[in-house]
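In: Turn this into a structure:
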Amino acid sequence: MNKVSEKIRRRANDAFNRRDYKEAELLFKRILSLRPRDYAALLGLSALYNEVGRVDELYALASDLYKDHPNDVAVLNRMGVALFRTGKKADGYELLKKAAELEPGRYETYLNLSSVAGEVNDIRGGMLYALEAVRVAPGSPSAHNNLGSALMAAGKPDEAKYCFETALELDPNNVFALTNLAVLATKGGDHARAAIEYEKCLELHLDPIEKNKLRFFLGLSYLTLGNLEYGWKNYDHGFIPEATHARNPVRRFTVPQWAGDNIEGKTLLVWREQGLGDEMLFFSCLKDLQGTGIKVIVECDYRLVSILRRSFPDYLVRPQSYFDAPDMGSPFSDFDFHIPAGSLMGVFRRKIEDFSKSGPYLVPEKSLVELYDTRLGPRDGKLRVGICWRSGDLSAIRNKSYTALSEWEPILILKNIQLVNLQYGDCEKELAAVSEHLGVYINRWPDLNLKDDLDETAALIKTLDLVISVGTATAQLAAAVGAETYLLTYKPTWTTFGCDYNPVYPNVKNLAVPVDDHIRSLIPLVAEALATDEVV
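Out: Presented below is the predicted three-dimensional model:
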């Protein structure tokens, strides 16, 4: 029996190395039929499950191995990767670090550690582990690819590109290096090149989860280029369990997803996805469902319930509700079809001309609009200007997509505007410091919660002549309410769908800088226009 199993083992390993995973799986399982606890076959099969993206089977097999071999470095590597791929990233990282302590200098461990480190935001650790992997195995394309990933995470795109190209010199079909080059092209704003690279990667990748990630990113590139047909087709693959950069939440329903066909008389659930800003962007298609004969239920962020009910009185609007993972199914059974909000655009915005049906759609409470109009007082010839300079996360102030309030000085010192704060979150110290330094007052009220009370925030925005904002949920709220809005952003961006204007909202002007510039460079341009009462 031993000779037979060893012969099968060689054939299994050969099949695995040439990526004939179907044959390799049959052979590994044949060994296990002869020796159910065969250590090498169990390791080989778990490696196969990892390669082809069968994550649940990987986790089950790795867990079984871990019970019998809790201090085996190869098993710790497999279990660490399994934990990472099932969403337990911190636990997986700790297990891999234990493997490195038990056996320093093991290439496999350093490679896995460098992959996981970036996902747990250990940028420095990822760099160190990646360098160790290259030191131990300088001829490994995977080592150079992981070092490139670490450099990309550290904001060094040129050095990262060199590493990815080195990996491809060693292995011209290294799909991970090709994918990373596509990501670099995306970050650099070259979406035509990115689309080519993503398409090439799809031909090579075997892992179904990774293929869906590629399709999602490919979809975003196509949308950025204005190719809506292929953009939405690929974007629909974006619901990927435990993926960091993809559509969420990942939910499963017992009724079919609506594809845009005639379902007059039936009930359709439209459910929120992504963050609040994307949610409001996607809900711009809710108007298209009016007059279709479809009964509409909208599940949204709880902060939007009141204003959406007012804006769409014929729809049933309720807060998003679902059971816990893994299925995140609905507790209701009052609908015949469902559709995630983003997929509404795939139904109603299939070509640029379709955006003529788009535009502001949110209706603020009239009494609240009157309240804030009174609070702001007479205009006295001044423009009422609302400002939002960063996301609610204070750490984002260091991100080049956002700004510091102090950088808005050219606008803040203008005498012909009345300033209104629209920045949500804890920003009172910033406001007080700028007011003291420049001698200006920025209107704000302690009883207004700009983050959670969107009904009142929308009413305040409705009283303004202009909103100036970086890319935040505030900008989307202003756009949806119908306020004249200057959106400070980068070009190109997928939400303009290949246009040099904002096709979703005619009341929004996209003021954009190239991806290698900084948003702050737009501030003097806006200030000059406001000072001369000109339209940018």
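In: With F323 as the reference, measure out to N507.
Out: N507 is 39 Å from F323, where distance means C-beta to C-beta, to the nearest Å. Where you see a C-beta, it was placed from the backbone N, CA and C, and this is true even at glycine.
In: Give me the more crowded residue out of these two.
Out: N507 (17 against 11; other C-beta atoms under 10 Å).
In: List phi and psi for that one.
Out: Backbone torsions of N507, given as degrees, to the nearest 10, read phi -90, psi 0.
In: and if you look at F332?
Out: Dihedral angles (degrees, to the nearest 10) for F332: phi -100, psi 160.
In: and the residue nearest to it when sequence neighbours are not counted, helix, strand or coil?
Out: Distance criterion C-beta to C-beta, 6 or more residues apart in numbering; nearest residue to F332, sequence neighbours excluded, is S321 at 7.3 Å. Three-state call for S321 (DSSP: H, G, I helix; E, B strand; the rest coil): coil.
In: Flag the shaky bits of the chain, pLDDT-wise.
Out: 1-4, 242, 392-400, 533-536 (pLDDT under 70).
In: Show me the domain layout of it.
Out: 2-190, 267-357, 366-531 (automatic domain parsing).
In: picking up where we left off before, so what's the residue nearest to F332 up against?
Out: Contacts for S321 (C-beta atoms under 8 Å, 6 or more residues apart in numbering) come out as 299, 330-332.
In: same thing but 10 Å
Out: 271, 299, 302, 330-332 (C-beta atoms under 10 Å, 6 or more residues apart in numbering).
In: How about A24?
Out: 11-18, 44-45, 47-48, 51-52.
In: Could you find the closest non-adjacent residue to E409?
Out: L438 (6.4 Å).
In: Can you get me a residue count around the one you found?
Out: Applying other C-beta under 10 Å, we find 14 residues neighbouring L438.
In: Would you check that it makes contact with L412?
Out: Yes. With contact defined as C-beta atoms under 10 Å, L438 and L412 form a contacting pair (5.6 Å).
In: For these two, list the residues in contact with both.
Out: S406.
In: Are we agreed that E279 is in a strand?
Out: No. Going by three-state DSSP, the assignment for E279 is helix, not a strand.
In: quick one: the residue lying closest to A153 once chain neighbours are set aside and L128, what's the gap?
Out: Closest residue to A153 apart from its sequence neighbours, by C-beta to C-beta, 6+ apart: G118 at 4.7 Å. G118 sits 12 Å away from L128, going by C-beta to C-beta.
In: which residues are common contacts for those two?
Out: In contact with both G118 and L128: A150, using C-beta under 10 Å, 6+ apart.
In: so what does the host helix or strand of E108 touch, helix or strand wise?
Out: In this structure, E108 is located in helix 107-119 according to DSSP states H and E. In this structure, helix 107-119 packs against helix 73-85, helix 89-102, helix 123-136, helix 141-153, with contacts taken as 3 or more C-beta pairs under 10 Å, 6 or more residues apart in numbering; DSSP states H and E.
In: May I see these organised as CSV, with distance to L344 added?
Out: Formatted as CSV, the helices and strands packed on helix 107-119 follow (distance: least, C-beta to C-beta, whole Å):
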stretch, distance to L344
helix 73-85, 31
helix 89-102, 32
helix 123-136, 37
helix 141-153, 33
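In: Could you save the ones you listed as a markdown table and add columns showing distance to K462 and mean neighbour count?
Out: Shown next, in a markdown table, are these (distance: least, C-beta to C-beta, whole Å; neighbours: other C-beta atoms under 10 Å):
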| stretch | distance to K462 | mean neighbour count |
| --- | --- | --- |
| helix 73-85 | 47 | 24 |
| helix 89-102 | 43 | 19 |
| helix 123-136 | 43 | 20 |
| helix 141-153 | 41 | 25 |
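In: tell me the contacts of the closest residue in space to R350 that isn't next to it in sequence?
Out: Of all residues not flanking R350 in the chain, L228 sits nearest, at 5.6 Å (C-beta to C-beta, 6+ apart). For L228, the contact set (C-beta under 10 Å, 6+ apart) comprises 222, 235, 345-346, 349-352, 354-355, 497-498.
In: For I196, state which of the residues you listed is nearest.
Out: Y222 (11.4 Å; C-beta to C-beta).
In: Help me confirm that that closest one comes into contact with G231.
Out: Yes. Between Y222 and G231 there is a contact under C-beta under 10 Å: 3.7 Å.
In: Can you check which residues contact both of the two?
Out: Common neighbours of Y222 and G231 (C-beta under 10 Å, 6+ apart) are 195, 494, 497-498.
In: And the furthest pair within those residues?
Out: A195 and F497 (14.5 Å).
In: Report the separation between V183 and L304.
Out: For V183, the distance to L304 - C-beta to C-beta - is 32 Å.
In: In terms of helices and strands, where is I339?
Out: Applying DSSP H and E, one finds I339 within strand 337-340.
In: what does N50 give?
Out: Residue-wise, N50 maps onto helix 39-52 under DSSP H and E.
In: in that helix, what's buried?
Out: Judged by neighbour count using 16 or more other C-beta atoms under 10 Å, the buried positions of helix 39-52 are 40-50, 52.
In: Break down the protein into its strands, ranges please.
Out: With DSSP state E as the criterion, the chain has strands at 267-271, 295-300, 316-319, 337-340, 383-388, 417-421, 442-443, 466-470, 485-491, 508-514.
In: The stretch 151-300 of the chain: helices as residue ranges?
Out: 157-170, 175-187, 191-204, 208-225, 228-235, 276-282 (DSSP state H, counting those that start in this stretch).
In: For the third one, what is the distance to the chain centroid?
Out: Okay, so that is helix 191-204. Relative to the chain's own centre, helix 191-204 is displaced by 19 Å; criterion: C-alpha atoms, centre = their mean, to the nearest Å.
In: Many thanks, we can stop here.
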